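> Model the structure of this input:
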Amino acid sequence: MTVTLADLPVPSGQDAVAEAGLLAQALMAASPPYAEARFAARQDDPGTAGDGVLHLILSRDGQVGQDFYLEKRADGGGRYHADVPAEERAGAVDVHVDVGDQLTARLRQLSAILAATADERYVRPVTNAAEAAEATLSGAGTDPALAAAGNDLVQACLAGARAGSADALVTAARDSVRDATQQHLTWRMDGWSLAAILIATNVPIACAATADRSALDTATFARYLGTAASAARSGDWQQVGIVISRALADGHAGNLAVLGADLSAEAIRLRDEALAGPPSPMIFGQKLFEALPYVLAAWWISRWADDGGAPPPGPDPDTWKKRRTDAEELYVRMTDGVFAQWWRYVTGAVAQERRDIMAVARDKGKLAANELLRKGEDSYDRPKSLRPYLLGEHETPDGS
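Just a heads-up that it's a prediction; the model follows:
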């Protein structure tokens, strides 16, 4: 039987600090609505077992805010769609989610406990996440942090245009990425919004680069940056996709192919750091958390290019469709990995896995146990450094 939130008492003391941090990170890794919907799909509902198509309907205060479809596989993977063909819609299982009674509400409870007992350095980031989640789960569904970043970029574009300086615009773009990254790390901006800033700043740079990439065309850069900044000011991360659409229409598919590959490489670098890192669920999850906006931005470019019929990014088998599928699968697994750090902590999953893996090693041998170890690592449930503990070679996860 699957554990539900109702089964989990709200902790106090250091347990509250630990859970609050892991839950805040899980909510803000992609976006609170995404996390709420993903959690609903994991709950003990007969309609969500196995594979098939789920119709996820998010409501708040009795009003439906968003809905989308999840093509779910038996192995726990899946793909999200704004819509699906009519025959799949007809067979989809409706999953209603009252987001006010799920993860965000629990984080608010934990935030209140921390405010009364914990140091401000723990309280403030958790409060940031709770406030950001409430904002993006509102009827408007937009992110005030993204809107503010977009407004700052608009002002920088105006100042740069008056100065006629590409250097000033590049500095403003880099400052925007730095500031947005800091907001993401302190849980004031979610991963989708940071991905929007990565797109808003890097697509203009890619399109304005000269043939030898030694300089930027100021007018081209300013035009694309202005378009992206104006879209970001809406607070809706999806609106920023217009700058990709325009870049493709203007013949910059090749530049975007290079940019997409760079974004994917950075996501994979951070993912590999997570897998090779210490056994702490917070540190492991944070590396995946940092990687997510990069892979989302790469997916975003490939989706627009694939849907728009852009020229292939490279020779076979390098196609936009393949890049899109690879990025989406990596994105879903990373998001689930960040989420799993909270869920595994509150359900005591690691201790149970240790008992299971030790039993398999004893009864079937170490090769069979290694299969279970690899499965958990491939799904980004845990880093490789947990292996000695799970095999019973260490008494504690950190080897002490």
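
> how about the helices in the stretch 101-250 of the chain?
103-117, 120-136, 144-163, 166-185, 191-208, 218-232, 242-249 (DSSP state H, counting those that start in this stretch).

> Lowest average confidence across these, which one?
Note on those: lowest mean pLDDT is at helix 144-163, with a mean of 86.

> Any chance you could list what contacts it?
The contact list for helix 144-163 (CB atoms under 8 Å, 6 or more residues apart in numbering) reads 132, 135, 166, 168-169, 172-173, 175-176, 179-180, 183, 188-189, 193, 196-197, 200-201, 222, 225-226, 228-237. The way it works is simple: take the backbone N, C-alpha and C, and place the C-beta from them, glycine included.

> how about 6 Å then?
Applying CB atoms under 6 Å, 6 or more residues apart in numbering, the contact partners of helix 144-163 are 135, 168-169, 172, 176, 180, 183, 188-189, 193, 196-197, 222, 225-226, 229, 232-233, 235.

> CA atoms of that helix as PDB?
Output in PDB follows, covering the C-alpha atoms of helix 144-163 (Å, rounded to 0.1, in the frame of the first residue of the first chain):
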ATOM      1  CA  PRO A 144       6.400  37.300 -10.000                       C
ATOM      2  CA  ALA A 145      10.100  36.600  -9.800                       C
ATOM      3  CA  LEU A 146      10.300  35.900 -13.500                       C
ATOM      4  CA  ALA A 147       8.200  39.000 -14.200                       C
ATOM      5  CA  ALA A 148      10.600  41.200 -12.200                       C
ATOM      6  CA  ALA A 149      13.600  39.700 -13.900                       C
ATOM      7  CA  GLY A 150      12.000  40.400 -17.300                       C
ATOM      8  CA  ASN A 151      11.300  44.000 -16.300                       C
ATOM      9  CA  ASP A 152      14.900  44.400 -15.300                       C
ATOM     10  CA  LEU A 153      16.000  43.000 -18.700                       C
ATOM     11  CA  VAL A 154      13.700  45.500 -20.500                       C
ATOM     12  CA  GLN A 155      15.200  48.400 -18.600                       C
ATOM     13  CA  ALA A 156      18.700  47.100 -19.400                       C
ATOM     14  CA  CYS A 157      17.800  46.800 -23.100                       C
ATOM     15  CA  LEU A 158      16.600  50.400 -23.100                       C
ATOM     16  CA  ALA A 159      19.800  51.600 -21.400                       C
ATOM     17  CA  GLY A 160      22.000  49.500 -23.800                       C
ATOM     18  CA  ALA A 161      20.200  50.700 -26.800                       C
ATOM     19  CA  ARG A 162      20.800  54.300 -25.800                       C
ATOM     20  CA  ALA A 163      24.500  53.600 -25.300                       C
END
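
> who's in contact with stretch 229-237?
So stretch 229-237 is contacted by 142-143, 146-147, 150-151, 153-154, 157, 192-193, 196, 200, 239-240, 242 (CB under 6 Å, 6+ apart).

> Also stretch 111-118?
Contact with stretch 111-118 is made by Ala16, Val17, Ala20, Tyr122, Val123, Val126, Thr127, Ala130, as judged by CB under 6 Å, 6+ apart.

> can you pull the contacts of the third one?
By that I understand Ala20. Ala20 neighbours (CB under 6 Å, 6+ apart): Leu110, Leu114, Val126.

> gap between the first one and Val17?
If I follow you right, that is Leu110. Using CB to CB, to the nearest Å, we find Leu110 at a distance of 9 Å from Val17.
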